[in-house]
Structures are given as C-alpha cells and as structure tokens.
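Novice: I'd like to go over a predicted model; first the sequence, then the structure.
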Amino acid sequence: MNGDALRQILSSDIIPHLDDHTTKHAAVLIVIYGQEHKIIMTQKPLTMQQHAGEISFPGGKIDTNDENLLETAIRETLEEIGLAVPKQNVIGQLKPVQTRNSGFTIIPFVAVLDQITQLHPNSEVDEILHFPIMPLLQTLQDDDDPGHRSLFEAYKLTYDEKLIWGASARMLKQIADIFHSNQIL
C-alpha cells in the first residue's frame, strides 16, 4: 500500500472540538510516516503521576491558548517529540476515546507524512517508539486483564516486547477496523 492509498482510507472530516462538557478534553496525533508506514508512539517515564510507563501517542489536554483540539494535538506533538506537523498533513480523525482512570475524552487525529525529521523527546517522554503499523496491528487481541476491562472494551498489542493497552489500544483497534473494512489487514 502506498502513501496515497493510506491517506485515502484514513481520511475523514475533521471536527476539532467536543460537545461533551462533562469530561476533560484532550487530543493526540497519530503520525504514520515513510514507505514502511511506521507509527510514532511514546513511552512515558515511570516517574509520571498519571500514565507512568504507558505507551501512548503524542498529545495531551487542551490548553487555554489552543483554538481547538487539533491545535492541541499539533502543539503537544511538537512539545513532546520535537515534530512539527503542518495542519494540511492531518488527514482525519478517529472516534473519541475515553481514558479509564484520568477522566479524559481524547480525539485522535491522524497525520500521514512521507518522512520525518530527527525527533527530540522532552521530559514527558522516556522513549520515542517507531512501530511498523501492519506488524503492530497484527498483534491486536482482546485484553483479558480484569483491571483493564472494568469500564470499556479492552485490547492489547505487543511489539518488540512493548505492551500497548488502554485508550491507545482502542485507537489502534479503530485503525485495524478501517484496514479490515478495506481488506488491507
């Protein structure tokens, strides 16, 4: 699958706000890049108060200076990993996902880039991870950990001994579903 085909199947309308004011709002940017279609994720430091050690996409909560959640995702990606993603490279978004413990509703935006610059993690990132998207998605399975299944459907993915679960796994499940419906996965 080439980059244009990937852009076509992941493209959707962008609605960069949430009408639900009963939760805290956040956004992430799912960046897929290169001919191998790698996906960028981050591993949080074990010292963080929330989500310590978890693997997630660059992003965070909306700031008062952000015009909308798309700006949040782009700003947070630049802050966390040093990657500037132009708005025109954001091709769509997935359905909002809620976190189990921290009470956020997250809009996952999707960007497809031909290449990326060298990345530089900030203090909120212990490691920047580059997973080939197809092999990663092929590891998707139901998460049978009772603590993970308490409120939401739960999935997990494992690649290079890195476990992805929670909200990030539910976002990747949406991408896997899109790929399945287009007979790519």
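Specialist: Perfect, I can see it now.

Novice: name the element residue 157 belongs to?
Specialist: Using DSSP states H and E, residue 157 sits within strand 155-159.

Novice: parallel or antiparallel, list what pairs with that strand.
Specialist: strand 141-142 (antiparallel), strand 162-165 (antiparallel) (DSSP bridges).

Novice: pretty sure residue 125 is touching residue 83, no?
Specialist: No. Between residue 125 and residue 83 there is no contact under CB atoms under 8 Å: 11.3 Å. The way it works is simple: take the backbone N, C-alpha and C, and place the C-beta from them, glycine included.

Novice: identify the contacts common to these two.
Specialist: residue 58 (CB atoms under 8 Å, 6 or more residues apart in numbering).

Novice: buried ones in the lengthiest helix in the chain, by neighbour count?
Specialist: Looking across the chain with DSSP state H, the single longest helix is helix 166-181. For helix 166-181, burial by neighbour count (16 or more other CB atoms under 10 Å) applies to 166-176, 178-179.

Novice: residue 6 versus residue 158, what's the distance?
Specialist: The gap separating residue 158 from residue 6 is 23 Å, by CB to CB, to the nearest Å.

Novice: settle it for me: which of the two has more neighbours?
Specialist: Shown here are residue 158 and residue 6; by other CB atoms under 10 Å, residue 6 has more neighbours (18 against 13).

Novice: any regions of this structure where pLDDT drops low?
Specialist: Residue ranges of the chain with pLDDT under 70: 50-51, 146-152.

Novice: what about the strands in it?
Specialist: 24-33, 38-43, 55-56, 59-61, 90-93, 97-98, 104-113, 127-132, 141-142, 155-159, 162-165 (DSSP state E).

Novice: which one of the ones you listed lies nearest to residue 119?
Specialist: Of all these, strand 127-132 sits nearest to residue 119, with 5.2 Å by CB to CB.

Novice: hey, C-alpha coordinates of the closest one in CSV?
Specialist: The C-alpha trace of strand 127-132 is given here as CSV (Å, rounded to 0.1, in the frame of the first residue of the first chain):
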residue,chain,number,x,y,z
GLU,A,127,11.4,6.8,24.8
ILE,A,128,10.2,7.5,21.2
LEU,A,129,9.0,4.3,19.5
HIS,A,130,8.7,3.6,15.8
PHE,A,131,6.4,0.6,15.1
PRO,A,132,5.7,-0.7,11.6
